[in-house]
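A.B. asks: can you look at this prediction? I've put the sequence above it.
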Amino acid sequence: MTVERETSKVRIVGEAVGNLPWEDRPADCGDVVWRYSGNPIIPRRPFAGAQGVYNSAAIPFEGAFIGVMRVEHTDSMPRLHLGRSRDGIHWDIEHEKIRMTGADPEIANPAYTYDPRLCKLGEEYLITWCNDYHGPTIGIARTKDFVHFEQMENAFLPFNRNGVLFPRKIGGKYLMLSRPSDNGHTPFGDIYVSESPDLVHWGRHRFVMGRGGQWWQSTKIGAGPNPIETSEGWLLFYHAVINNCNGFVYSMGAALLDLENPSKVLLRSNRYLLAPVMDYETIGFVPNVCFPCAAICDAPSGCIALYYGAADTYTAMCFCQVDEVLDFLKENSTIV
């Protein structure tokens, strides 16, 4: 729908998205982040051979929206598929996985690919994802048209997950957030930032923030959507995990990073913004998961539409306004 809102006090650096997928906050809801009433937007088993679509990326493209989707096949292996949508809510997903060219045969045709992020950087669109190479690491590909995809070198050694690019160079370098991990279900994890002159050679790895503090983020954390540049800093939504008596529970927090030195955390939420409470978040292949992976922003109004994976089964949406998120962080912040 067309978004008509007052100009945001906090400036988002970006473009107007007049057809931003959006739903106003319900009158009886006092939360900073609120769910779309039509969730889940992609149901369980959306087409033959797919048991779920979740933890996927979306971005505006040519007046509509395009996505790189994590499709879990009925062999339980995740693969990346292309999705297209006129309104950002109703999606047509290609039934065949994305075919990439250009990769060294050593890293081409991995057994699994999952949890993609999608970032426009200059005239290119860059995809990062968790890629199979003797364990999970960060794969990178580039495209200009979403028809031809060039796979590049993996960014890091295994084991690593949640590779998330910044949407512009900082200090003349590309920057990427990631979470070094293990080869299993990763019962630990902190966020680091790395830099590169060419998207191939990565170094100068710096600690950003760690798990700990409040119980809801005590086990591990990982970057969610690509950081959103604002007049006050980089707004980062992240997933945070507690390991309770029934297993992992994934919630969503937020942090504000310094614009020119993103390893410096200015604000960090000490309360979650979204936690699994709805049936589609608590019941599924992996219960109790809200996993944010993509954010679409209308810069003038400060309205943000967030896509998140629910229970490793569904794709859902929620909404927020940048002014309110920053106010929340200022009132409910700690650095751990």
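C.D. replies: Received it, and whenever you're ready, just let me know what you need.

A.B. asks: sheet partners, orientation included, of the host helix or strand of residue 308?
C.D. replies: Taking DSSP states H and E as the criterion, residue 308 maps to strand 303-310. As defined by DSSP bridges, the strand partners of strand 303-310 come to strand 290-298 (antiparallel), strand 314-321 (antiparallel).

A.B. asks: tell me where the stretch 201-336 of the chain has helices.
C.D. replies: In the stretch 201-336 of the chain, the helices defined using DSSP state H, counting those that start in this stretch lie at 279-282, 322-331.

A.B. asks: which other helices and strands does the first one contact?
C.D. replies: Using 3 or more Cβ pairs under 8 Å, 6 or more residues apart in numbering; DSSP states H and E as the contact criterion, the elements in contact with helix 279-282 are strand 314-321. Every C-beta, even on glycine, is put in place using the N, C-alpha and C of the backbone.

A.B. asks: residue 45 is in contact with residue 52, isn't it?
C.D. replies: Yes. Using Cβ atoms under 8 Å, residue 45 is in contact with residue 52, at 7.2 Å.

A.B. asks: one step back: can you say which of the helices of the stretch 201-336 of the chain is nearest to residue 297?
C.D. replies: Proximity to residue 297, assessed across the helices of the stretch 201-336 of the chain by Cβ to Cβ, is greatest for helix 322-331 (7.5 Å).

A.B. asks: so that closest one versus strand 303-310, what angle?
C.D. replies: Angle, helix 322-331 to strand 303-310, by axes from the mean of the first three to the mean of the last three Cα atoms, to 10 degrees: 70 degrees.

A.B. asks: residues of helix 322-331 that come out buried?
C.D. replies: For helix 322-331, a neighbour-count test (16 or more other Cβ atoms under 10 Å) marks 322, 324, 325, 326, 328, 329 as buried.

A.B. asks: so for the residue nearest in space to the middle of the chain, what's the nearest residue that isn't a sequence neighbour?
C.D. replies: For the chain, residue 293 is the residue whose C-alpha lies nearest the centre (Cα atoms, centre = their mean; 2.1 Å). The shortest distance from residue 293 to any non-neighbouring residue, by Cβ to Cβ, 6 or more residues apart in numbering, is to residue 55 (5.2 Å).

A.B. asks: chain center to the host helix or strand of the one you found, what's the gap?
C.D. replies: Taking DSSP H and E as the criterion, residue 55 maps to strand 50-61. Averaging C-alpha positions (Cα atoms, centre = their mean, to the nearest Å) puts strand 50-61 10 Å from its chain's average.

A.B. asks: give the partner strands of whichever helix or strand comes after that strand in its sheet and their orientations.
C.D. replies: Next along the chain after strand 50-61, taking DSSP H and E as the criterion, comes strand 64-73. Here strand 64-73 is paired, per DSSP bridges, with strand 50-61 (antiparallel), strand 78-85 (antiparallel).

A.B. asks: most packed of the ones you listed?
C.D. replies: Ranked by mean neighbour count, the strands paired with strand 64-73 are led by strand 50-61 with a mean of 24 (mean count of other Cβ atoms under 10 Å).

A.B. asks: CA atoms of that one as PDB?
C.D. replies: Listed next in PDB are the C-alpha coordinates belonging to strand 50-61 (Å, rounded to 0.1, in the frame of the first residue of the first chain):
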ATOM      1  CA  ALA A  50       9.000 -27.800  -0.200                       C
ATOM      2  CA  GLN A  51       8.300 -28.300   3.500                       C
ATOM      3  CA  GLY A  52       8.900 -24.700   4.500                       C
ATOM      4  CA  VAL A  53      10.100 -21.300   3.400                       C
ATOM      5  CA  TYR A  54      11.600 -19.100   6.100                       C
ATOM      6  CA  ASN A  55      14.700 -17.000   7.200                       C
ATOM      7  CA  SER A  56      14.600 -15.300   3.800                       C
ATOM      8  CA  ALA A  57      15.700 -12.000   2.300                       C
ATOM      9  CA  ALA A  58      13.700  -9.400   0.400                       C
ATOM     10  CA  ILE A  59      14.400  -6.100  -1.200                       C
ATOM     11  CA  PRO A  60      12.700  -3.500  -3.500                       C
ATOM     12  CA  PHE A  61      13.400  -4.100  -7.200                       C
END
